[in-house]
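Peer 1: with the sequence up front, the predicted model follows.
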Amino acid sequence: MEPINAATSTDKVFFIVGGSSGIGLIVTKAFIQLGYRVASTSRSKENLIKAVGITDTNKFLALENNLLSDQEIKKTIEQVYQHFGRIDVVFCNAGFGTMGTVEEVSDENLRSMFDINFFSAASTLRHVTSFLKSGSHVFLLSSICGLYALPGNSAYNITKFAMDGLGESYAKDVQELGIKVTILNAGSFESTFVSNIKTAARDLKEKYIETYKTVNELIKGLNFKDPNKFADIIVQVVQKEGDAPLHLFIGPDANELANQKIQHLSKELKENEEFTTKRFL
């Protein structure tokens with residue numbers, strides 16, 4: 001898709017959870033430029049307005065949102081609807097990472113990640129659905145880690161596997177309502193995500209020395225791609241008529257790892273099919 005270069009007239013409303021930096025900010029600006037009325041959330045309303053650079057609330061509504069509170073998320077969604085009178089596209093973007101193996105990650109680490117990476121999205125879907133009409137489109141930012149577990153990345157892998165399950169379940173629920181759902185299984189992109197990665201409660205790198213060698217090799221080999229191209233893909237999917245893809249593996253790295261996982265599953269399924277089925281026949 002060609003880069004977005006002109007605004008169009010539309011009364012549609014784009015609502016994004018987590019739009020003050022990185023991919024969220026770029027997607028926010030892309031839909032404003034496209035002519036959508038946009039509502040975006042952040043921990044700081046002032047910083048969000050400054051980042052977007054628009055104070056006209058007829059075009060852009062900045063909201064502070066406590067993602068740890070189901071009721072605050074509900075209140076924010078109601079504010080968006082009361083202000084604009086409709087919600088057409090939803091993008092659940094908020095999330096962060098924590099490095100560490102399962103043994104290194106504490107209960108607190110894992111629960112804090114689930115609060116933002118999973119429960120905030122579940123709350124958003126729970127409360128926004130009553131305002132969506134047939135033709136609305138919901139995007140959930142997941143990761144290739146929602147299908148292919150990367151070493152030393154246990155907590156993030158787990159929350160993204162949960163996000164994929166949430167998206168697939170929600171898609172089944174709202175299919176008869178005409179609501180489209182797309183899970184964005186992203187690869188590596190230039191953003192503030194990497195700089196905000198937290199460390200696990202325990203440090204067992206000496207015990208998991210080979211695991212972390214693999215992790216370091218993977219990090220060195222990452223090709224961080226232009227997030228503007230990520231935004232272009234979302235715009236193109238929104239503008240496409242008809243059915244929407246349930247999963248989009250965005251980037252060559254995401255597609256390669258997804259194919260590896262599919263091939264591995266197919267191999268194991270075939271090799272064990274007789275063993276796991278013959279006793280039931």
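Peer 2: Noted; the coordinates are in hand. Worth saying up front: this structure is predicted, and the values here are computed from it rather than measured.
Peer 1: do I have it right that residue 67 meets residue 117?
Peer 2: No: the criterion here is Cβ atoms under 8 Å, and residue 67 misses it with residue 117 at 9.8 Å. For the C-beta atoms, the positions are set from N, CA and C on the backbone; glycine is no exception.
Peer 1: of the two, who's got more company?
Peer 2: Neighbour totals were compared for residue 67 and residue 117, and residue 117 leads with 26 against 22 (other Cβ atoms under 10 Å).
Peer 1: residues in contact with the residue nearest to that one when sequence neighbours are not counted?
Peer 2: Closest residue to residue 117 apart from its sequence neighbours, by Cβ to Cβ, 6 or more residues apart in numbering: residue 159 at 3.8 Å. Contacts for residue 159 were tallied using Cβ atoms under 8 Å, 6 or more residues apart in numbering; they are 95, 113-114, 117-118.
Peer 1: roughly how far does residue 168 sit from residue 146?
Peer 2: According to Cβ to Cβ, to the nearest Å, residue 168 and residue 146 sit 10 Å apart.
Peer 1: export the contacts of residue 159 to JSON lines and tack on distance to residue 88, pLDDT and secondary structure?
Peer 2: What follows is the contacts of residue 159, written out as JSON lines (distance: Cβ to Cβ, whole Å; pLDDT from 0 to 100; DSSP: H, G, I helix; E, B strand; the rest coil):
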{"residue": "95", "distance to residue 88": "23", "pLDDT": "87", "secondary structure": "coil"}
{"residue": "113", "distance to residue 88": "30", "pLDDT": "95", "secondary structure": "helix"}
{"residue": "114", "distance to residue 88": "28", "pLDDT": "97", "secondary structure": "helix"}
{"residue": "117", "distance to residue 88": "25", "pLDDT": "96", "secondary structure": "helix"}
{"residue": "118", "distance to residue 88": "24", "pLDDT": "97", "secondary structure": "helix"}
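Peer 1: hang on, residue 149 packs against residue 157?
Peer 2: Yes: using Cβ under 8 Å, residue 149 is in contact with residue 157, at 4.3 Å.
Peer 1: who has more neighbours out of these two?
Peer 2: More neighbours surround residue 157 than the other of residue 149 and residue 157, with 21 against 16 (other Cβ under 10 Å).
Peer 1: where does that one land on pLDDT?
Peer 2: If you check residue 157, the pLDDT there is 97.
Peer 1: assumed it was part of a strand.
Peer 2: No: using DSSP: H, G, I helix; E, B strand; the rest coil, the secondary structure at residue 157 is helix, not a strand.
Peer 1: and residue 38, which of the three is it?
Peer 2: Using three-state DSSP, the structure places residue 38 in strand.
Peer 1: how far out from the middle of the chain is the longest helix anywhere in the chain?
Peer 2: Longest helix of the chain, by residue count under DSSP state H: helix 252-277. Relative to its chain's centre, helix 252-277 lies at 24 Å (Cα atoms, centre = their mean, to the nearest Å).
Peer 1: my read is that residue 212 contacts residue 104, right?
Peer 2: No: with contact defined as Cβ under 8 Å, residue 212 does not reach residue 104; the gap is 10.4 Å.
Peer 1: neighbour count winner among those two?
Peer 2: Legend: neighbour count by other Cβ under 10 Å for residue 212 and residue 104, higher for residue 104 (21 against 17).
Peer 1: hmm, back to that, helices or strands up against the longest helix of the chain?
Peer 2: Applying 3 or more Cβ pairs under 8 Å, 6 or more residues apart in numbering; DSSP states H and E, one finds that helix 252-277 contacts strand 180-186.
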